[in-house]
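1. got a predicted structure plus its sequence, pasted below:
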Amino acid sequence: MARQRTRVSRKSEFELRAMRKSGRILAELLAEISAAAQAGVTTRELDNLTRQRLREKGAEASFLGYRDYPAAICVEVEDVVVHGIPDGQRLEDGQIVGVDMGVFCEGMHTDSAVSFAVGELDAERRRLLEVTQAALEAGIAQMQVGSRLREVCAAVQSVAEAAGFSVVRDLVGHGIGRQIHEPPQVPNFVAEGQFAEYDLILRPGMTLAIEPMINAGTPAVRLGADGWTVRTADGRPSAHFEHTVAVTREGPEILTAI
């Protein structure tokens, strides 16, 4: 049976302008949330801050209510890989904390995540942050017109595994635009035959959320009892960085950068 071709939307300049606005709001909010994430602050307080700032900016949280998700942001403390629900947990010195969020503005979504230190990190955690960010940058660099998606996936995997870390395989990036999740799926690894999207040729106007999720230990993860929170199976820390990126004839354009 022939593989079904993945249909990926290509955004108009009008849509890209809206995504740039959404992305600027998102980048500014992530910077503010990261600065506010000090020891003693609860993850719910970070979510409340996000909601307040979104109202002030006339934008909406893409995640709130999506498949009944109950918050504006996901907060990823230490071994939480993705989808941590904000609550009364207080941040502590020495922790890796990630914040993942989406913004909906003028009909278009953007999605971004950043991981950072609360206080001083040990050497392994510092290196995990550095390598995960470098893996994201390597994947973005491959988003050239005419490249295949597998080149993006392979670049992320190569950086992470060369450093001795592991790539989460149960979760992937995605297309984005009028919907928070659109085709294609964007794995952070290459496993031949697993994803038809590997052979997708990148074209101008495609917009992808590239999001390495890198574990200090094994790639295995487990889903929590709340049905959302994904943690590393071995309890070791994880890091997560993400940008929404447009493919253009001039090279990749990061839509969620300040």
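-> In hand now; what should we look at? Numbers count the residues shown, from 1 in each chain.

2. show me the shaky parts of this protein.
-> Along the chain, the model assigns pLDDT under 70 to residues 1-5.

3. what about the helices in it?
-> Using DSSP state H, the helices found in the chain span residues 13-36, 43-57, 123-141, 149-162.

4. return the list of helices and strands in contact with the first one.
-> Yep, that's helix 13-36 we're talking about. helix 43-57, strand 95-105, strand 108-118, strand 243-246 (3 or more Cβ pairs under 8 Å, 6 or more residues apart in numbering; DSSP states H and E). All C-beta spots, glycine's among them, are computed from the backbone N, C-alpha and C.

5. and that helix, what's buried?
-> For helix 13-36, a neighbour-count test (16 or more other Cβ atoms under 10 Å) marks 15-16, 18-27, 29-30, 33-34 as buried.

6. same check, this time on the third one
-> The neighbour-count criterion (16+ other Cβ under 10 Å) identifies 125, 127-129, 131-140 as the buried residues of helix 123-141.

7. in TSV: these, plus distance to R150.
-> As requested, the buried residues of helix 123-141 are arranged in TSV below (distance: Cβ to Cβ, whole Å):
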residue	distance to R150
R125	30
R127	27
L128	25
L129	26
V131	21
T132	20
Q133	22
A134	19
A135	15
L136	17
E137	18
A138	14
G139	11
I140	15
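
8. and the gap between D199 and A155?
-> As for D199, its distance to A155 is 16 Å (criterion: Cβ to Cβ, to the nearest Å).

9. looking at the two, which is more packed in?
-> A155 (23 against 12; other Cβ atoms under 10 Å).

10. contacting residues around the more buried one?
-> If a contact means Cβ atoms under 8 Å, 6 or more residues apart in numbering, then A155 has A135, A138, G139, A141, Q142 as its contacts.

11. look up how far A225 lies from it.
-> From A155 across to A225, the span is 35 Å (Cβ to Cβ).

12. hang on, the earlier thing: mean neighbour count, the helices and strands packed on helix 13-36: which tops it?
-> The highest average neighbour count among the helices and strands packed on helix 13-36, using mean count of other Cβ atoms under 10 Å, belongs to strand 243-246 at a mean of 26.

13. gap between E106 and L16?
-> Taking Cβ to Cβ as the measure, E106 falls 11 Å from L16.

14. same check, this time on D100
-> 22 Å.

15. report the contact partners of V221.
-> V81, V168, D170, L171, N215, V230, R231, T232, A233.

16. and the residues you listed, which are buried?
-> By 16+ other Cβ under 10 Å, those give V81, V168, L171, N215, V230, R231, T232 as buried.

17. so which of those residues is the closest to I254?
-> Top of the list for closeness to I254, among those and by Cβ to Cβ, is L171 at 21.1 Å.

18. check contacts around that closest one.
-> Counting by Cβ under 8 Å, 6+ apart, L171 has contacts V81, V82, M213, V221, V230.

19. make it 7 Å
-> Going by Cβ atoms under 7 Å, 6 or more residues apart in numbering, L171 touches V81, V82, M213, V230.

20. sorry, back to before: can the helices of the chain go into TSV with extra columns for distance to I254?
-> Shown next, in TSV, are those (distance: least, Cβ to Cβ, whole Å):
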stretch	distance to I254
helix 13-36	8
helix 43-57	20
helix 123-141	7
helix 149-162	14
